[in-house]
Every structure is written in C-alpha cells, then in structure tokens.
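Engineer: Let me see the structure of the following:
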Amino acid sequence: MNIKRAKEEIRNTIRVYLSRNAHGEYEIPAMRQRPVLLIGPPGIGKTQIMEQIARECQIGLVSYTITHHTRQSAIGLPFITEKTYGGQTMHVTEYTMSEIVASVYEQMEETGLFEGILFIDEINCVSETLAPAMLQFLQYKTFGNHRIPEGWVIVAAGNPPEYNKSVREFDIATLDRVKRMDVEADFEVWKEYAVQAGIHASILSYLTARPQYFCHVETTVDGKIFVTPRGWEDLSEFLTVYESAGLACDREVVYQYIRHAKIARDFAGYLELYRKYQAEYQIEEALAGKRDETLMESASRAPFDERISVVNLILARLGTEFCKAADREDYLSLLLEHLKAFRNTLGEDTAAGAYQALKRQAETLWQELEQKKKAMLLTRKEQYRYRDTAETLERWLNVLGKDSFADEAVARIRARFSEETKAHEEFCGHIRQMLEYAFDFIEGAFGGGQEMVMFITELNTNVYAMRFLNANECKRYDQYNRQLLFEDREAGLTKRLDRLGVF
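Structural biologist: Take a look at the predicted model:
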C-alpha cells in the first residue's frame, strides 16, 4: 500500500483501539490490541505520518529510534532488593523503569494527554542483545518488568532487508501478534503532501517529468546509491533558504542530499534550465497582465519538456498565492472564534470590562499555544497562526477607550475585524486576476492542448487551489474542468466497452 493508505489504516486502528464500551473500558483490551508494524523503504514518511496522526487525533506521541538504545536503557538497570517468601527474606533482582516507558508517563504528565502513540522506529535493526526485549515488547507490550500504559497504541517501523543489512527477521510467533503493513513509495501520493508542505517548485516539476527518480536504490560495485523522498524534501528546504540568500545551488550541493551521481547531475542541469525559463518567459510579468505575444509564440514552439516547465512555473507562482490565501483565511477564522468568545464573556458596561475580556482572550491564545506546542499538536504554520492572532488581539487592546461603553468598544473591534476581512477579499481579488492572466498566457501559447490539460489537472490536485476555487468563481477554470471531466468519462466508457467487445 502507499503511505496515504497506511496513514488511513493506522488512524482507523487507533480509533478502534481507543473506543470504549458502556463501562468505560476499551472495547478491545490492551493485551489484544496488536501493535502496528510498518515496513517500508527509508525516507518515505513513516515518522511524519505518526506526527500527523497524533495531531489529527489530538493524542500524545512518543518517538524512539531503537537502534540508539542499549539493552539497559530500553529495559532498565538491575538493582538488588529484599522480598519475603514463605516467611523467609530473600535478595532478588529488580529493574529500574525503562527510559522508554518513563518517557510515556512524562509525556502524560506534561501534556495531560493520557492516550497516544508510542512509535518505535528501526525495530528490526536492533542489536543481538536487545532483540529478545523487542520481541517481548511486541508480544506483551512491556519493557523489562514495566508495562506500556493503557491507552497508548504501539506502532513500530522498519526497513526491508534490501535497504539495511542489519535487518533481523521476526519469527512467526511475533508476526502473528502484530498488524503488519507493507508500504511502497508512491510519487502521486507524495506529490499531494509536497504541495501542502511547500516543496520547491523545481523539484516538483522535475519529479513530475521523471517520477522514476522519486525513490530509487541501486547496488553497485562501490556500494548502494540511492534517492529517497526524505532526500528530496530536505534538499527542498535547503534550496529555498539557499536561494533566498542569493546562493546558486550546483551539482555538488544536490549530491549532498541526492546520493545518486547521475540523478544529482540530471537535477542540477534541470535546475539551471528552470532558472533560465523563469527569467526568459517573465512569468511574474505575465501574471501581472503584461501580455507578450513574442514570448507566447516562443513557448508554443519550445520542446515538450520546456513547455511543461513553463506551465509548472505558472502553477508554482499561483500556488504560493493560493497558500497565502488559505493561511489568511485560517487566521481570520481563529481570530473570529476568539472575538466571538470575547463578545460572549463581556460582563461590564464599561470599556474597562471589554478591555479585560479581550485581554483574557489573548492570554488564552498564548496558553493554548504553549500547551499544544508541548504536546506537539501543532505544525509550525499553526504555531505562527496562534501567535499572529494573539498579537493582533494585544494590538487591538489599544483601541479600547477607558471611558467608553462596552457596546462602543465592541463596535471598534468589529471595525478592525472588518478591515482585516476587506484586506483578505482584496487579496483574493488579486489572485483571481492572476488566474485570469495565467489562462491568457496558456491559451495564447498552447490553446486547449495537453499543456492546458496539465494545468487544470494540477489545479485539481492542489488542496489550496481547490479551496480557493471552491470559494471564488473562475469561469474559464469551470469550462476547462467540465471539458476535462467529460473527456475522462468518455475515455473510461470507451475502455469498458472495449473490454466488453462492443466495438
């Protein structure tokens, strides 16, 4: 299965495992809750989906890479104690609490989340001395003498043998006690995530044209050469900041992340062309309405790879604006939520009461931010949203006059919020105009050909684009999208008729 389906399956498993009956007990007792065993290539996002699932389910997460642990840190250190058996005092060996189990209890204490995921990575690469403890962990949910708390779902991950020579095979007794999911790299699924994660447009464009290089491993006489999704994502983050600092990324820089000389060289060459097309076709000017017939004619006569790169450049620029619009909308929603709470908690007739009510909402936001950060329930973007909203409320405290009535104070705050929403509407109008200019360029250069089909298809797979288009009418998008859907249905019908031998 792909990583998207694996995420769905794990999320459903957690939902089932954490379901309680009428007596308040888990429907499936903890001992019958099979740990999830996720097996897949390195760098495809196994750890990331754990973080996403924990945030979406609002539960805790404790992660460990087990290869970083010794037997002592995993199961605890031995110590001698005294116990009485049959009236006779005996010296016996006990163990301190496992560092891993202790981390679960610490997480519960710090965050107040008493249900969560205990994620153990590289579980099939443990040392020989630790292997028995891992089998015990998977079979009985214990490290040494200490049990994993109820309400914590165990998810373990590992790489197939072809990716790691240290892999150990689990016996049938262990495999018969886990829910095993085998995950494969899938570029189209990763691409959905990549758009939301803001992966550098050149990487998305390159991999769209060469999906076979998305995840690639070869064994050579000099050892393994490889490319992983993690490598592309890390390169993207570095490349974005690198370019903003005015630095040019070459093959040597790419090879630090893409450990396959041929692919690194190929992408570095593509990146140079990508920059060249960016300057040559003046995408920024085209999306500002500066129509250049010469450039459109040049694009129409360009090789296929170049035409696709031009479309991708347009999509990348629009994508940045779609993302900004979504961020702004989410910020306004959070702001509105707390302004409603502010209005509902007013208890005084004077503006001083309104001042204190608004101040409480700002303080509440800061507290929520700190609590959710500690519990790792927020992405970086969500943290920024909380911070921006709290700072806005603090700024608005200054507009509340000390001698005015609460209704007047509320009217002033409402006016400020109206200014924010008006600015957002104007920004959306700017994006709608950019989209119209994008259609002007693509129609002028390529007509309704395959480049337009690609443009519409990519818009349909971009979550931010669809969110914008669902809220903002674009007649040309609707026209081409209907045409594309009709053609897809017609092609699907033809295939079915062919299979039935109608033609």
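Engineer: Show me which positions of the helix or strand containing Leu271 end up buried.
Structural biologist: Per DSSP states H and E, Leu271 falls inside helix 261-280. Buried residues in helix 261-280, counted by 16 or more other Cβ atoms under 10 Å: Ile263, Ala264, Asp266, Phe267, Ala268, Tyr270, Leu271, Tyr274, Tyr277, Gln278. For glycine as for every other residue, the C-beta is placed from the backbone atoms N, C-alpha and C.
Engineer: average pLDDT for it?
Structural biologist: Mean per-residue pLDDT for helix 261-280: 88.
Engineer: For the helix or strand just after it, which helices and strands make contact with it?
Structural biologist: Next helix or strand after helix 261-280 toward the C-terminus (DSSP H and E): helix 283-286. Packed against helix 283-286 by the contact rule (3 or more Cβ pairs under 8 Å, 6 or more residues apart in numbering; DSSP states H and E) you find helix 304-344, helix 406-446.
Engineer: Other residues contacting helix 283-286?
Structural biologist: With Cβ atoms under 8 Å, 6 or more residues apart in numbering as the test, helix 283-286 has contacts from Asp292, Leu295, Val310, Leu313, Ile314, Arg317, Tyr437, Ala438, Asp440, Phe441.
Engineer: Would you mind listing the residues in contact with the third one?
Structural biologist: For Val310, the set of contacting residues under the criterion of Cβ under 8 Å, 6+ apart consists of Tyr277, Tyr281, Ile283, Ala299, Ala302, Ala445, Glu451.
Engineer: Please repeat the previous calculation with a cut-off of 6 Å.
Structural biologist: Tyr277, Tyr281, Ala299 (Cβ atoms under 6 Å, 6 or more residues apart in numbering).
Engineer: now do Trp152
Structural biologist: Val104, Gly116, Leu118.
Engineer: looking at this, Gly448 is in a strand?
Structural biologist: No - Gly448 sits outside any strand when classified using DSSP: H, G, I helix; E, B strand; the rest coil, being coil.
Engineer: Need the helices and strands packed on helix 283-286 in a markdown table (columns: mean pLDDT).
Structural biologist: Output for those, formatted as a markdown table (pLDDT from 0 to 100):
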| stretch | mean pLDDT |
| --- | --- |
| helix 304-344 | 90 |
| helix 406-446 | 90 |
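Engineer: domain parsing for the chain?
Structural biologist: The chain breaks down into these domains under automatic domain parsing: 3-184, 186-280, 324-418.
Engineer: Need those domains in JSON lines (columns: distance to Ile431).
Structural biologist: Shown next, in JSON lines, are these (distance: least, Cβ to Cβ, whole Å):
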{"stretch": "domain 3-184", "distance to Ile431": "27"}
{"stretch": "domain 186-280", "distance to Ile431": "16"}
{"stretch": "domain 324-418", "distance to Ile431": "6"}
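Engineer: Nearest to Glu425 among these would be which one?
Structural biologist: Among the domains of the chain, domain 324-418 comes nearest to Glu425, with 10.2 Å by Cβ to Cβ.
Engineer: Glu473 is nearest to which of the domains of the chain?
Structural biologist: Minimum separation from Glu473 across those (Cβ to Cβ) falls at domain 324-418, 14.5 Å.
Engineer: tell me the residue furthest from the middle of the chain?
Structural biologist: Distance from the centre of the chain peaks at Gly87, with 59.7 Å (Cα atoms, centre = their mean).
Engineer: Val155 should be in a helix, yeah?
Structural biologist: No - secondary structure of Val155 (three-state DSSP): strand, not part of a helix.
Engineer: Next, find the distance separating it from Val178.
Structural biologist: With distances taken as Cβ to Cβ, to the nearest Å, Val155 is found 10 Å from Val178.
Engineer: quick one: which of the two has more around it?
Structural biologist: For Val155 versus Val178, neighbours defined as other Cβ atoms under 10 Å are more numerous around Val155 (25 against 18).
Engineer: so what's the more buried one up against?
Structural biologist: Applying Cβ under 6 Å, 6+ apart to Val155 gives the contacts Val36, Ile117, Phe119.
Engineer: so which of the residues you listed is the most crowded?
Structural biologist: Highest neighbour count within these, by other Cβ under 10 Å: Phe119, with 25 neighbours.
Engineer: which residues does that one contact?
Structural biologist: Contact analysis of Phe119 by Cβ under 6 Å, 6+ apart lists Met50, Ser63, Val155.
Engineer: and the second one, how many neighbours does it have?
Structural biologist: So that's Ser63. Using other Cβ under 10 Å, Ser63 has 17 other residues around it.
Engineer: Surely it is within a strand?
Structural biologist: Yes - checked against three-state DSSP, Ser63 lies within a strand.
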